[in-house]
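Asks: just a sequence and a predicted model for now, questions to come.
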Amino acid sequence: MKIIWLGHGSFRIESGDAVLLVDPWLNGNPSLSEDQHDAAVMGATHILLTHTHFDHVVDVLPLARLLKVPVVGQYDLMGYWSEAEEIETVGFNKGGTVTLNGVRVSMVPASHSSTFTTPEGLRSGGSEVGYMIAAEGHVVYLSGDTGIMADMDWMGDYYKPDIGILSAGGHFTMDMQGAAYAAKRYFDFKTVIPCHYRTFPILEQSAQALIDGLPGVDVIEPQVMQPIDV
């Protein structure tokens, strides 16, 4: 399995015949240069969405049409998009699991919000979620944007993820210290990859507090478009 950071909360996850784009943010993403856009999405088989804030959703519909791939996400939003936007979707809900080209993806709760801007003001875009992604003997917990929450207790016990991709930039999500606390209390990760940081000055710029808080865990600070092999 290859985990490739596209900057901010965006990832490309490759496993066998599956290439999952998670919250792919291309246009306006300060961390991903324009000449990297094609390589970032090449060969994608599915787009996985955690919630509808602009920095996660702005490129989802255009990419679904361009790449001719389904968008996978929370049932209510996928049902609406399937009709209103006439794209292919896979809608499911928290507690459910779908198999995408051999990769098992389970939807789990997150604690955040999920809105988007319209001319009439903010509108709800389903609910915010995270994912457990099981492939090649690993379970990856992709937290999406979230704060620390008690649901992490059963999620860690039930799914037993060994890899955590954790939002950890602070202000909008957990910060590095909070992510370290959650990882240590609720999970038994062998590898942790922070995200949703370094993008803007308001977010944390270093993962040192996460590294210091998780002795014995391989904390990998991702570099944009550089694959992490797990």
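Replies: Alright, I've got the coordinates.
Asks: going forward, measure contacts between C-alpha atoms and count neighbours the same way
Replies: Fine.
Asks: out of everything not next to it in sequence, what's closest to the residue at minimal distance from the centre of the chain?
Replies: With distances taken as Cα atoms, centre = their mean, Gly144 lies nearest the centre of the chain, 4.5 Å away. In this structure, Gly144 finds its nearest non-sequential neighbour in Gly130, 4.9 Å apart by Cα to Cα, 6 or more residues apart in numbering.
Asks: wait, that neighbour touches Ser143, no?
Replies: Yes: the pair Gly130 and Ser143 qualifies as a contact (Cα atoms under 8 Å) at a distance of 4.7 Å.
Asks: got any residues that touch both of those two?
Replies: Ala110 (Cα atoms under 8 Å, 6 or more residues apart in numbering).
Asks: which residue sits closest to Ile220 in space, ignoring its chain neighbours?
Replies: In space, and not counting its chain neighbours, Ile220 is closest to Ile193: 5.2 Å by Cα to Cα, 6+ apart.
Asks: helix or strand: which one has Ala64?
Replies: helix 60-67 (DSSP states H and E).
Asks: do Asp55 as well
Replies: For Asp55, the element it lies in under DSSP H and E is helix 54-57.
Asks: picking that back up, output the helix or strand hosting the residue nearest to Gly144 as PDB, restricted to C-alpha atoms.
Replies: According to DSSP H and E, Gly130 maps onto strand 129-135. This file holds the C-alpha atoms of strand 129-135, laid out as PDB (Å, rounded to 0.1, in the frame of the first residue of the first chain):
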ATOM      1  CA  VAL A 129     -17.200  11.300   8.800                       C
ATOM      2  CA  GLY A 130     -13.900   9.400   9.000                       C
ATOM      3  CA  TYR A 131     -12.900   6.000   7.500                       C
ATOM      4  CA  MET A 132     -11.200   2.800   8.400                       C
ATOM      5  CA  ILE A 133      -9.500   1.500   5.200                       C
ATOM      6  CA  ALA A 134      -8.500  -2.200   5.300                       C
ATOM      7  CA  ALA A 135      -6.100  -3.700   2.700                       C
END
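Asks: packing partners of the helix or strand following it?
Replies: Using DSSP H and E, the helix or strand that follows strand 129-135 in sequence is strand 138-142. Here strand 138-142 is seen to pack against strand 129-135, strand 163-167 when contacts are counted using 3 or more Cα pairs under 8 Å, 6 or more residues apart in numbering; DSSP states H and E.
Asks: so which of those is nearest Phe92?
Replies: Of all these, it is strand 129-135 that lies closest to Phe92, at 11.0 Å by Cα to Cα.
Asks: got the angle between the closest one and strand 163-167?
Replies: 160 degrees (axes from the mean of the first three to the mean of the last three Cα atoms, to 10 degrees).
Asks: tell me how far Ser143 lies from Ala183.
Replies: Ser143 sits 11 Å away from Ala183, taking Cα to Cα, to the nearest Å as the criterion.
Asks: show me what whichever strand or helix holds Tyr181 is packed against.
Replies: Tyr181 is part of helix 176-186 when elements are defined by DSSP H and E. Contacting helix 176-186 under the criterion 3+ Cα pairs under 8 Å, 6+ apart are the following elements: helix 151-159, strand 163-167, helix 208-213.
Asks: so Gly169 touches Ala179, yeah?
Replies: No: counting by Cα under 8 Å, Gly169 stays clear of Ala179, with 9.2 Å between them.
Asks: just to revisit the earlier point, and the residue nearest to Gly144, how many neighbours?
Replies: By other Cα atoms under 10 Å, the residues close to Gly130 number 23.
Asks: thanks a lot, catch you later.
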